[in-house]
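Enquirer: I would like the atomic coordinates for the input below:
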Amino acid sequence: MDDDYPAVEITEVDHFYGERQALSGVTFDVRPGEIFGLLGPNGGGKTTLFRIVSTLFDASSGCIRVFGMDTKSQSDRVRQQMGVVFQSFSLDKLLTVEENLKCQGRLYGLSGSDLQERIVDRLKKVGLQDRLKDRVGTLSGGMQRRVEIAKGLLHEPRLLLMDEPSTGLDPGARIDLWRYLKKLQLEEGTTLFLTTHLMEEAEKCDRLGILSQGKLVGLGSPSELKNEIGGEVVTLGIQHREGVSETIASALSTEVHVHNGGLRFEIPQAKDRIDEILKLLPEEPESIHIGKATLEDVFIHRTGHRFWEEEEPPA
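Expert: Okay, the predicted model is just below:
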């Protein structure tokens with residue numbers, strides 16, 4: 001196992017559920033020691049990819065390696081190198097924190113004083129050393145998520161996979177969670193690979209892959225992705241849009257999209273060009289909004305539609 005390998009290397013991965021294609025030619029890598037986020041709407045394919053990377057099942061085609069090891073032919077060795085925190089809680093709420101972690105440790109062949117020392121150490125890392133004897137069901141949602149992280153880290157993996165880590169957490173618990181994740185990255189050198197549909201969570205990642213309808217449509221740091229917009233984002237609320245899109249697109253050399261009954265486009269120095277924009281309209285707009293690019297704007301720029309327009313209800 002060579003440290004020069006990517007933590008996760010995904011190459012031309014396709015996956016089908018029957019005739020429905022959930023992933024199409026997905027290719028990217030996760031660098032050792034970084035926090036990598038897989039951003040996309042519900043139903044976009046990120047949970048499918050998460051399950052394949054975590055060795056729950058194999059992709060229909062393509063290759064995935066974890067620190068140079070193939071997830072198909074070397075799955076047992078791969079599992080030793082990764083910890084997994086699923087979206088749904090996996091703790092037994094009737095058992096204590098200690099009992100839950102002991103069950104996990106024994107699955108990895110740990111026992112005795114070594115296991116006990118690791119339990120205490122992992123709980124210290126997530127700030128829950130004083131909750132060792134508490135029943136999990138008495139803990140808040142945020143604390144339970146931190147126990148899940150301690151559980152995933154018990155066998156000292158180099159890679160931690162997290163599926164929608166902030167699910168069910170209130171804003172304060174999300175802040176605490178990210179404080180622990182950053183600490184884990186900086187102090188332990190652990191690589192974190194997470195999925196999310198939350199823009200504010202994606203902003204905290206070192207790099208992002210954006211999935212839409214099973215395809216990778218963006219890759220880079222949050223700032224790199226937003227800088228590709230190349231200007232400010234203008235949103236116009238206007239009643240009569242017939243022909244206006246074409247007029248704006250031609251005059252300002254930009255692409256114009258219809259969203260929520262209004263028009264959206266991107267141009268440099270938009271704040272200084274309000275008069276120029278208004279002269280192109282057949283009527284005074286109901287509203288005009290100018291702002292810096294967000295990750296939502298990047299998604300629209302790459303796909304032509306918003307997150308919620310793609311989201312599917314859970315099966």
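
Enquirer: per the record, what domains does this structure have?
Expert: Structural domains annotated on the chain: 8-221, 230-292, as defined by automatic domain parsing.

Enquirer: okay, how far is it across the longest one, tip to tip?
Expert: Across domain 8-221, the straight-line distance between its terminal residues is 17 Å, by CA to CA, to the nearest Å.

Enquirer: just how off-centre is it within its chain?
Expert: Relative to the chain's own centre, domain 8-221 is displaced by 10 Å; criterion: CA atoms, centre = their mean, to the nearest Å.

Enquirer: Which of the domains of the chain has the highest mean neighbour count?
Expert: Most buried of those by mean neighbour count (mean count of other CB atoms under 10 Å) is domain 8-221; its value is a mean of 18. (C-beta placed from N, C-alpha, C; glycine too.)

Enquirer: circling back to that earlier point, among the domains of the chain, which is nearest R302?
Expert: Evaluated over the domains of the chain, closeness to R302 peaks at domain 8-221, with 4.2 Å, by CB to CB.

Enquirer: hmm, back to that, in CSV: the domains of the chain, plus mean pLDDT and distance to F299.
Expert: Listed next are these as CSV, based on pLDDT from 0 to 100; distance: least, CB to CB, whole Å:
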stretch, mean pLDDT, distance to F299
domain 8-221, 93, 6
domain 230-292, 86, 12
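
Enquirer: quick one, which of those domains is nearest to H301?
Expert: Distances from H301 to each of the domains of the chain were compared using CB to CB; the shortest belongs to domain 230-292, at 7.2 Å.

Enquirer: What is the end-to-end distance of that closest one?
Expert: Using CA to CA, the end-to-end distance of domain 230-292 comes to 10 Å.

Enquirer: same deal with stretch 42-61?
Expert: One end of stretch 42-61 to the other measures 23 Å (CA to CA).

Enquirer: Could you do stretch 277-285 as well?
Expert: End-to-end distance of stretch 277-285: 10 Å, with CA to CA as the criterion.

Enquirer: what about stretch 122-133, start to end distance?
Expert: As for stretch 122-133, its first-to-last residue distance stands at 15 Å under the measure CA to CA.

Enquirer: hmm, who's touching that stretch?
Expert: Counting contacts by CB atoms under 8 Å, 6 or more residues apart in numbering, the residues outside stretch 122-133 that touch it are 96-98, 101, 119-120, 139, 143, 146-147, 149-151, 153-154, 180, 183-184, 188.
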